[in-house]
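>>> just need the structure, nothing else, for what follows:
(one chain, ligands or ions: 2)
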Amino acid sequence: MTQWVYGFGDGKAEGRADMRELLGGKGANLAEMSNLGLPVPPGFTITTEVCTFYYANGQTYPGDLQAQIDAGLKQIEQITGMVFGDPSKPLLVSVRSGARASMPGMMDTVLNLGLNDETVEGLAKAADDRRFAYDSYRRFIQMYGDVVLEVDHSLFEEALQIMKERKGVSLDTELAASDLEKLVEEYKKVVADQLGRPFPQDPREQLKGAIGAVFGSWMTARAVTYRRLNGIPESWGTAVNVQAMVFGNMGDTSATGVAFTRNPSTGERRLYGEYLVNAQGEDVVAGIRTPQHLTLAGKEEHGSDLPAMEEVMPEVFGQLVDIQNRLESHYRDMQDIEFTVQQGRLWMLQTRSGKRTAGAALRIAVDMVEEKLISESEAVRRIEPQSLDQLLHPRLDPDAPRTVLARGLPASPGAVSGKVVFSADEAEAMAQKGEDVILVRIETSPEDIHGMHAARGIVTSRGGMTSHAAVVARGMGRPCVAGAGELRIDYKAQTLSARDKTVSKGETITMDGSTGEVMLGAVATIQPKVSGDFAKLMVWADGIRRLKVRTNAETPADAEAAIKFGAEGIGLCRTEHMFFDGERIIAVREMIMAEDEAGRRAALAKILPMQREDFAALFRIMAGLPVTIRLLDPPLHEFLPRTDEEMREVAAASGKSMDMVRHRALQLHESNPMLGHRGCRLGISYPEIYEMQARAIFEAAVEIGKETGNPVVPEVMIPLVGMPKELELLKEVVDRVAGEVQAASGVHIDYLVGTMIELPRAALMAREIAKSAEFFSFGTNDLTQTTFGISRDDSSSFLDAYQRRGILEKDPFVSLDVDGVGELVKIAAERGRQTRPDIKLGICGEHGGDPQSVMFCHEAGLDYVSCSPYRVPIARLAAAQAAIGK
Ligand code: PEP
Ligand code: MG
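Ligands and ions are numbered 1, 2, ... in the order given. I've put the predicted structure just below:
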């Protein structure tokens, strides 16, 4: 018999923390907390296997599930002494989803289940509180109506609003028992009107409906989107947790709250969280009432005048502090907990590893090493390499002038400027057009997730640090300012205003999620630094990794930035990128358009001194670190003159007529330039181009060697080789020029000549190619393009559909296709080494900065990865994790 249901409560459980695959994160941790003897309301978890079964079998359940659920209910009844559906002592339960990976706010929850016209009376009597009983009942109808029966929830809101207006009150808590009783009647009428049948009164039918709704919510559009954005497989399914209700809405000695054991924005080691008196869990997250701080410190820090839990319920607060300490040392990680206080008694409803910003993650990891909770390598393992991206972007210049429009909570750090939009759809549409947008909402809901992802940053006028916007933004690494109450957001007029200023849709604002400030216009930024906890962790990572990390850079600014981020050399200097600047482009065009060798040589002579200076600058900055310079690889179309103005420039520089220039441009036009006259093919047709470049490289090496007293060892790289003979011939050119420069300068130059492996044929012919190549650098951009036969410039129009339809899990131009392209890399590495055992192997395609691809490079035994400067720290960390075997 399969066990579909796992019970917990009363100091024991059938599950454990390491059973999250089966029980989901919530279920596994409820079991673990029960085993630890913490106060957890008893309940049971229906496993993720039931979800899988449900979808594999036309949305039906295993035959023996019901009996196991009944047994689970019995057990709750025994522990609580209450009976499900019994008006004299009614047991109420909550029904919550709980997937393997946390998906905050994405799936459905039903509270107070088991209430009906009879049990509500029993509850009133048992609690000796009519108001509480009817408050719970109206919440239940509203939630169940919304989530299970799919009645438009605004109909309930409307009825509630009318009731409050009729009574002249503004808060739900001000409604009396009799008002709530009437409201329950209204709500039931709403349901009956909408569905044509009454609200279900049988608790067992209610339970069945709620369980079905939770499983159903696994496939809602928002859950599907969230999984796609977070790489959570659909096959995982969700578990369902059914648990005895405890009530935070039983008057002023009751409360509900959420807490982080450390600050999720900064990582500071201090209990951090919010609570609401006389409320149920949803009220905190929904941002309907302004939550109060747990601690006095939190209250003071945020200038709140509402009392802290520490003051109001000191005893329960003390218990909470004890429990959070126990949870942290048990799990050895920052926890995100949910609790309820029922008439002065504390109950734990959830614990999980808390979502945090990259900055907080670093601080927590480093602190925990210092607290001896975790090892250095564990700290390195815990940081998501990609998340470092958040810290590698510019910050606001503290000295830049600014006009602050409003101040909210610093919910997720990072400073960005962008155009204001007021809806998620608009954010997505504008972002697709390449605009930077800031999504401004009164509050966000799970329906907004795609727009939050598309936006550079998120601002809300309502909600606390644990509101939906704050939690999701932190998870995504988007800067967020939450609860900027001064902002008046007018969706109709498409404006936001505060402090006598109004900003309309499309106008630029700046927001700083580290300070909570929202500012007019764009504010100047400064470059980030790797310092403090970040630097400490990187040192640990460097001690662990085997792969070297170089950078792709051709400008001095990029090279300098890369050095600051820890680059250990240049893995790819694309010389054609050095040709786009000012007067060079004219000389380069002249060279490309020349009709004979003499014409080309004349143009090349103009370029040589500029190239030499370019290389000298890079050698100077890299101070002895290896520098790989790739000889010209221009897809020709990028260089041909297009406009009349450009043609005139070329004509003037080369002394030709406009007609001749136009004719030559037409002649050079290619139908498929990516597969055309580029890379080493250009060097084969016009060896004088590579000759000039080699000369510039070697002369610069001699110059900088003399200047610094440190010999420069350039690595000369030939692109787009597919045939061994191509490399052989071009190596001869390079060697000849090296000999000439050595003879002329009297200085001996050590150098390497190697090739890019970026065509399938090159990978297959690696044994032969390695006879002339002293190193291989995998150009996985072209290798992906040519292996798939998918144009790297045109793929975006259809790859999206491929991902949505599950043909490709990831964009192969972003994350290396291990099965296909990866296989070619392995073949080339192996064959190359057969010929030349010490051949140097690296990668310089975009994949060099993608953590998963770095992992592959480690496993394939490459020597280094090379990536853009801002991804160098990401690659260093990913390389360390690869070495740990994460
Ligand atoms: C590559 O093809 O992976 C590569 C690094 O070269 P480029 O992107 O310049 O074609
Ligand atoms: Mg290439």
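>>> from now on I want contacts and neighbour counts done on CA atoms only, so please keep to that.
OK.
>>> nearest residue to the most centrally placed residue in the chain in space, please, no chain neighbours.
The centroid of the chain falls nearest to residue 476 when counting by Cα atoms, centre = their mean (4.4 Å). In space, and not counting its chain neighbours, residue 476 is closest to residue 453: 7.2 Å by Cα to Cα, 6 or more residues apart in numbering.
>>> got it, and residue 201?
residue 116 (5.2 Å).
>>> quick check, the one you found in a helix?
No. Assessed with DSSP: H, G, I helix; E, B strand; the rest coil, residue 116 is coil; it does not lie in a helix.
>>> residue 559 reaches residue 870, doesn't it?
No. The criterion here is Cα atoms under 8 Å, and residue 559 misses it with residue 870 at 10.7 Å.
>>> and these two? Which one has more around it.
residue 559 (25 against 22; other Cα atoms under 10 Å).
>>> residues touching that one, list them.
Going by Cα atoms under 8 Å, 6 or more residues apart in numbering, residue 559 touches 551, 553, 570, 618, 621, 622, 869.
>>> one more time with 7 Å, if that's ok
553, 621 (Cα atoms under 7 Å, 6 or more residues apart in numbering).
>>> give me the pLDDT for it.
Looking at residue 559, its pLDDT reads 94.
>>> please, which helix or strand holds it?
Element membership for residue 559 (DSSP states H and E) is helix 556-564.
>>> before we move on, what SS does residue 518 have?
Following three-state DSSP, residue 518 is assigned to strand.
>>> for it, name its beta-bridge partners.
residue 406, residue 511 (DSSP bridges).
>>> quick one: the residue nearest to the centre of the chain from residue 228, how far?
Applying Cα to Cα, to the nearest Å, the value for residue 476 to residue 228 is 13 Å.
>>> repeat that for residue 379.
Note on residue 379: its distance to residue 228, by Cα to Cα, is 27 Å.
>>> higher neighbour count, the two?
Per other Cα under 10 Å, whichever of residue 379 and residue 228 has more neighbours is residue 379, with 22 against 15.
>>> you'd agree that one is up against residue 365?
Yes. Counting by Cα atoms under 7 Å, residue 365 is a contact partner of residue 379 at 5.0 Å.
>>> is residue 712 in contact with residue 700, as I believe?
No. Residue 712 is not in contact with residue 700 according to Cα under 7 Å; the separation is 8.9 Å.
>>> what is the neighbour count of the residue nearest to residue 201?
Residue 116, neighbours per other Cα under 10 Å, totals 21.
>>> now residue 638
Around residue 638 there are 11 residues (other Cα under 10 Å).
>>> look up phi and psi at it.
The phi/psi pair for residue 638 (degrees, to the nearest 10) reads phi -70, psi -20.
>>> next up, the contacts around it.
Taking Cα under 7 Å, 6+ apart as the test, residue 638 contacts no residue whatsoever.
>>> repeat that for residue 631.
Counting by Cα under 7 Å, 6+ apart, residue 631 touches 575, 690, 693, 717, 718, 719.
>>> ok, for the fifth one, nearest residue in space, not its chain neighbours?
In space, residue 718 comes closest to residue 755 once its chain neighbours are excluded; the distance is 4.7 Å by Cα to Cα, 6+ apart.
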